[in-house]
Each structure stands twice: as C-alpha cells, then as structure tokens.
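Novice: After the sequence you'll find the predicted model.
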Amino acid sequence: MKYFYLIFSGLKRKKMRTGLTILSIMVAFILFGYLTAIRQAFDAGVEVAGADRLIVRHKVSIIQLLPQSYEAKMERIDGVDNAAHTTWFGGIYQEPKNFFAQLAIVPEELFDMFPEFVISDEHKAAWLETRNGVLVGRRLADRFNWKLGDRIPINATIWGKKDGGRTWEFDLVAIYEGAEKGTDTSQFFFRYDFFDETRAGGTGQVGWYTVRITDPDKATEVAAAIDAEFANSAFETKTEPEGAFIQGFANQIGNIGFIIMSIMSAVFFTILLVAGNTMAYTVRERTNELAVLKAIGFTDRAVLGLVLGESLALTFVGGAVGLGLAWLLVSTGDPTGGSFPVFYLPTRDLFVGALLIMAMAFIAGIIPALQAQKLQIADALRR
Amino acid sequence: MTDDSVDGALVKVHGVDKLFKRGSEVIHVLGGLDLNIPHGEFLALMGPSGSGKSTLLNLIGGLDRPSEGTIEVGGKRIDKLSNRKLAGWRARHVGLVFQFYNLMPVLSAQKNVELPLLLTKLSRAERKKRAAIALDVVGLSHRTGHYPRQLSGGEQQRTGIARAIVTDPTLLLCDEPTGDLDRKSGDEILDLLQALNKEQGKTIIMVTHDIHAAARATRTLHLNKGRLSTEAIA
C-alpha cells in the first residue's frame, strides 16, 4: 500500500503518453466487452440448452416438416421421457426488420419441457383459455412495449389461413420471464391447436420435436434409436443434442466465436505492443531514478515489483474503465434493435476481462521490470 | 598508497582492486587500496577525473563490489553480502548525496525525503514526522510541499541531504555535493555537512574536485590512477 503513490507518481510523469496508452487499453476493453456480449448473444441458446434434451428434425432440412404422429412413437422409445413439437411460423410484425421467432406449440408441453421459461399460474391459465392467445418473453414484450390484452397482428410469409387471409391476430395473454440471465426471452409462442385449425395447409405436420431423455449420458444411443425408428420412412429424422442444434443455427452465419476471437486477438496484440512500448520507455527514461531507489536500499525485487506495479496500474485503469464502459454500452441494448435473443456481458467474461488486464500488465511490464531489476547501480548512476 | 591505520575504524578497506572490462580491454580503476576511516571523520577524497574517487565511494557504500580485497563497515564485511542483504544494509547504514541531487521530479520534497523510510516498518504518520524533522534540519521546513522543479539547486541539494540523513545512517557518502552549485549555495551545503559531522557525529566521505570544499573536511586524501597517493589534514 505504501508504494502506491510511488507507482502512480511514475505514471504522472508523462501525462500525455500515459493518457494515450490508457485510452488505447480502454478502447480495447470496450471492444472486448461489446464483442463478448455479441458472442454471448449467439452462444446463449447453446449454453442454456438442456443437457437432457434432443432435437429431432427432418433428415433433409429443418424446413421440411414431420408428422405430428411421430410424437407418440418417440415417447415409446426406450430412454425417451417426453416429446414436444414446435413449428416455425416466420411471420412479420409491422415490417421485416422487426424480426423475432414465432412458434406454434402445445402449451402444456411447453410448460413441461421448458422449465427455464418462468410463467405465473395466472398467465398459464389465461393462455390455456384463449385459443388465439400468445405467450411472449419479457424482452420481446419490452421491445415493442406490448401489454397484456394487446392484439398483435402478424403477417404470414409461410402459413396462409384457410379463409385466404395472411394476417393472423393474436391476443397477448401471458408473458414469461427467464429463469437464468441467458434464457431467451425474445420468443413468441402461440397455440398449436389454433394454428393447425387455421392454417390452409400442412395440417397434422410440425416443424421439429424437442425430446427429453431420462439419462443424458445415453443421448447418443437414444438419438440413434429415434433416427432408426423413422429410417426408410417418408419422413426420416436427424436427432442431435439441443446445444448442437442451436449451435448449427448460429453457424449458418459463420463461426462467430472464431471471428470475434480473431478480432480481439489482433486488438489485444496491438494494445500489448502499445503498453509494452510505454513501459519500456518509462524504464529507459528513469534508469537513473531506479538506480537511486536501489542505492537508498530498495532491493532488486522491490524495483521489479514497482515496475510491474506501474504496468498493472496502467492496464488496470484502462481496462477497468473500458470494461465498465462496455458494460454500460451493453446495458443500453443490443445493436440490432432487439433481434438478439439475449444481449448482456456475463459476469464470467468480466472475470476473463480482469484476467486479461493482469496478463496484459504482466506481459507488457515483465521485460522492462527485469531490466530494472538487473540494473547495476554504479553503472546506471553514471548514465 | 597511504593509509591511516586506526584500530576500530568504522570503514576498513583492505587490498581492494577494482577492474572494469570494456570489450576486451581491462581497466584497473583501483589497485591494492587500503584505507581506514574512523568514526566521526569528515574525509574528503580528491583527485583528477578517472582517478577512482567515485568508484571507491561506491565500493564503501555497497553500490558496487570490489574485484579483489575486503571492505568492512562497522565490523561487517559488506563485499560478501548478497544483493538483497546489501540493499538492506545500505538502507540502514548509508546516506547518499549526489552531485545532481537525483530527486524524484514527480514527488514533493517531503515525499522525496520519505523514500528511504518506505523500507522501514514506520507508520505513515511517523514517516511524515521524520521527513519533516530532516527537512527542518536542512532548513527546508517551509518547502516541504514543493516539487524539485520549484526548488533552487541549493534547495534541491538540501532535500537530497535530508533524504540521506532521514534514516539516521552511520555513513554519509557525498559525491561532488557542491559540483553543480554556485559558490554561495555550495558553501551553505558544506556548512550543513560540517554541522552534521560536528554536531551529530556523522562520518562523512566526500568526493570533490573543489579544494575549498575539501578544506572543510577533517582529512583529505588524494587518489591518483587508482592509488591513494597523498593525504592532507585540514
């Protein structure tokens, strides 16, 4: 503690250089925080995916439908606890940019299959009583400022109605919250019975199944059994863990994690050079002062510690402010205007950021610190 | 080679050689040097540039190590101490005054003087108090909050002396303490050193080119080509 003022006074020496270096580090950490939140948005579904859930889809493509009758057959397979089907609606609310997932599902199956969606009993009852009722996530409701009782028109792009119309009207009767921070609360669920009776075609067919299995360790065997059950039928299936299924969706855009990691690596490498350069100059300019410190009794190790402490102070100020600003920026909302299912900076990544700060401080400071440690007093005093 | 053999001397330098290597060239800066310095002496070391004055001072202060020979200060062989122990020994027993003051420009006079006390277990309040006393001794109690750039050369050197005496060291080593000062400021510094020697009994070794400065010492030794060649009693 008593050395703090010595460390900070070193940084005050060249205020402009220190300021610019801190600014560079700050920008790097803002970028880190923001890109981490974006990566999290893509990975969120994977992370909260149930380990005991499999997704069963058409073998050819997710857009090919499966018979509703598969549900009962699947539930008879050894290791399958329960199955629930979901169908993609793909409608437009007001204009195409207002994208969100609209899904037809059986309410009771949703309640049972997805405990991460927290719904009050009152809202559950309201949804069960209202055929054109809709359950939406809190984030989605907030995004469009929807309130219970609102009527929400959705223009169908896939599913026309039997009466020839393409506008489906849903009554907002229930809102769900997320059990975890990463739970997707941007979805729009409506009743499958209403959907199946109203749509012009595809009756009795569903998009995909979510299957809960009794033993997650046997996921591979159960997935193989499900696919075997429907092999050589008109609707062959492909079964995979829920996490892999969601990851596959994200990967349609590209390997987001890799892209983000590449950008961050380049940024951090550059900033590391900037910080390292600052520390190298700092030590070189103060050779004489460091020698004086040693002359009056500071040990080699104490001088090493002082230089590393200075490096840590430099990166900590920049990094902490950068992470704080990133957190604030992320808190203001996602850059797509709400298309990301989740958008937040996870606590885990704040810790990763803190570790990065320390790593950067160490790497940037260690060589100048070792040089300072090895400084020969008599030689350095002559310079 | 000349030596005052004094039993129980504070500083005992025996058979000291100091070689420097510059590429393949070996430079003998000090050769077979013997020297005893008793407690309470104010010794001036004179000699031309390159004669080894500062090197000898550095060796006695534990800032450097001899190539050969032994150095004993206060009964302790300092040439055998590890770097860590030597640093601790310097912190406790040596006060250093430099020609160019070597103050930390970003620290106030008070904080500069406190620096050696950071190595002690003293509380912050105690460090502050002792630094204030040291600054008072050198007549700078009114300049404690000033930064080196706000002080004159003489005042900076006084601050340097306050830093050197704040830990109450056994030895004060001064390398050209008046070399960067005008005559008046130089005289004030010499008055101060003399007072520290006479009133507080500090043992002082001062390297100087200035015969007037050397005249303030109780003994003057001359170094030439790494050997103590003559001495004069002031």
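Specialist: Nice, thanks for sending it over. Residues are numbered from 1 along each chain as shown, chains lettered A, B, ... in the order given.
Novice: What's the separation between the residue nearest to residue B:32 when sequence neighbours are not counted and residue B:31?
Specialist: Spatially, and ignoring its direct neighbours in sequence, residue B:32 is nearest to residue B:15 (5.7 Å; CB to CB, 6 or more residues apart in numbering or on different chains). Where C-beta positions appear, they are placed from N, C-alpha and C, glycine not excepted. The gap separating residue B:15 from residue B:31 is 10 Å, by CB to CB, to the nearest Å.
Novice: Between these two, which has more neighbouring residues?
Specialist: In terms of neighbours (other CB atoms under 10 Å in any protein chain shown), residue B:31 is the more surrounded of residue B:15 and residue B:31; the figures are 18 against 13.
Novice: coming back round to it: secondary structure class for the residue nearest to residue B:32?
Specialist: Taken by DSSP: H, G, I helix; E, B strand; the rest coil, the conformation at residue B:15 corresponds to strand.
Novice: Check residue A:278 too.
Specialist: Classified using three-state DSSP, residue A:278 is helix.
Novice: Now do the contacts for it.
Specialist: A:17-18, A:21, A:314, A:364 (CB atoms under 8 Å, 6 or more residues apart in numbering or on different chains).
Novice: let's go with 6 Å and repeat that
Specialist: residue A:21 (CB atoms under 6 Å, 6 or more residues apart in numbering or on different chains).
Novice: now the strands: where do they sit in the chain?
Specialist: All of this is about chain A. A:53-58, A:66-67, A:80-88, A:102-105, A:117-118, A:133-137, A:151-155, A:167-178, A:188-191, A:205-206, A:208-213, A:237-241 (DSSP state E).
Novice: nope, chain B
Specialist: Using DSSP E, the strands found in chain B span residues B:11-22, B:25-37, B:42-46, B:68-73, B:76-77, B:94-97, B:171-175, B:203-207, B:219-224, B:227-233.
Novice: What strands line up against the shortest one, and which way round?
Specialist: So the one you mean is strand B:76-77. Strand pairing for strand B:76-77, determined by DSSP bridges: strand B:68-73 (antiparallel).
Novice: mind saving the C-alpha coords of the strand it pairs with as CSV?
Specialist: Provided in CSV are the C-alpha atoms of strand B:68-73 (Å, rounded to 0.1, in the frame of the first residue of the first chain):
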residue,chain,number,x,y,z
GLU,B,68,39.7,-8.1,-5.1
GLY,B,69,40.1,-7.2,-1.4
THR,B,70,37.7,-6.7,1.5
ILE,B,71,35.6,-3.8,2.7
GLU,B,72,34.3,-3.8,6.3
VAL,B,73,32.0,-1.1,7.6
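Novice: Flag every buried residue along it.
Specialist: By 16 or more other CB atoms under 10 Å in any protein chain shown, the buried positions in strand B:68-73 come out as B:69, B:71-73.
Novice: Please report how far the residue nearest to residue B:32 lies from chain A.
Specialist: The spacing between residue B:15 and chain A, counted by CB to the nearest CB, to the nearest Å, is 20 Å.
Novice: State the distance from that residue to residue B:155.
Specialist: 41 Å.
Novice: again with residue A:311
Specialist: Counting by CB to CB, the gap from residue A:311 to residue B:155 is 33 Å.
Novice: between the two, who's got more neighbours?
Specialist: residue A:311 (27 against 20).
Novice: Who are the contact partners of the more buried one?
Specialist: A:279, A:361, A:364-365.
Novice: May I see the residues you listed arranged in CSV, with distance to chain B and pLDDT as well?
Specialist: Shown next, in CSV, are these (distance: CB to the nearest CB, whole Å; pLDDT from 0 to 100):
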residue, distance to chain B, pLDDT
A:279, 16, 91
A:361, 20, 94
A:364, 21, 93
A:365, 19, 94
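Novice: Between all of those, which two are separated the most?
Specialist: Using CB to CB, those reach their maximum pairwise distance at A:279 and A:361, which is 9.1 Å.
Novice: Can you get me a residue count around residue B:121?
Specialist: Residue B:121: 6 surrounding residues under other CB under 10 Å.
Novice: Quick check: bridge partners of the residue nearest the centre of chain B?
Specialist: When CA atoms, centre = their mean is applied to chain B, the residue found nearest the centroid is residue B:173 (1.0 Å). The bridge-partner assignment for residue B:173, based on DSSP bridges, gives residue B:96, residue B:205.
Novice: Surely it touches residue B:206?
Specialist: No - contact criterion CB atoms under 6 Å: residue B:173 and residue B:206 do not qualify, at 8.0 Å.
Novice: Where does chain B get nearest to chain A, residue-wise?
Specialist: Here chain B gets closest to chain A at one residue, residue B:91, 2.5 Å apart by CB to the nearest CB.
Novice: coming back round to it: if you count surrounding residues, which of residue A:279 and residue A:361 has more?
Specialist: It is residue A:279, of residue A:279 and residue A:361, that has more neighbours when counted by other CB under 10 Å, with 27 against 23.
Novice: Without its sequence neighbours, what residue ends up closest to that one?
Specialist: Going by CB to CB, 6+ apart, residue A:279 has residue A:368 as its nearest residue, at 4.5 Å.
Novice: And for that neighbour, the neighbour number?
Specialist: Applying other CB under 10 Å, we find 24 residues neighbouring residue A:368.
Novice: Please tell me the pLDDT value assigned to it.
Specialist: For residue A:368, the pLDDT comes out at 94.
Novice: Give me every residue in the stretch 251-383 of chain A lying close to chain B.
Specialist: When proximity is defined as CB under 6 Å from any CB of the partner chain, the stretch 251-383 of chain A approaches chain B at A:289, A:292, A:295-297, A:299-300, A:377-378.
Novice: Quick check: of those, which lies closest to chain B?
Specialist: The nearest member of those to chain B, counting by CB to the nearest CB, is residue A:297 at 2.5 Å.
Novice: mind checking how far residue B:219 is from residue B:197?
Specialist: For residue B:219 relative to residue B:197 (CB to CB), the value is 11 Å.
Novice: Neighbour count for those two, which is higher?
Specialist: residue B:197 (21 against 17).
Novice: Look at the nearest residue to residue A:152 once chain neighbours are set aside and say how many residues are nearby.
Specialist: Closest residue to residue A:152 apart from its sequence neighbours, by CB to CB, 6+ apart: residue A:170 at 4.9 Å. Using other CB under 10 Å, residue A:170 has 23 neighbouring residues.
Novice: Who are the contact partners of residue A:170?
Specialist: A:132, A:134, A:152, A:190.
Novice: Chain neighbours aside, what residue packs nearest to the residue in the stretch 1-150 of chain A that chain B sits nearest to?
Specialist: Residue of the stretch 1-150 of chain A nearest chain B, by CB to the nearest CB: residue A:9 (4.2 Å). For residue A:9, ignoring the flanking residues on the chain, the nearest one in space by CB to CB, 6+ apart is residue B:106 at 4.2 Å.
Novice: Give me the pLDDT value at the one you found.
Specialist: 91.
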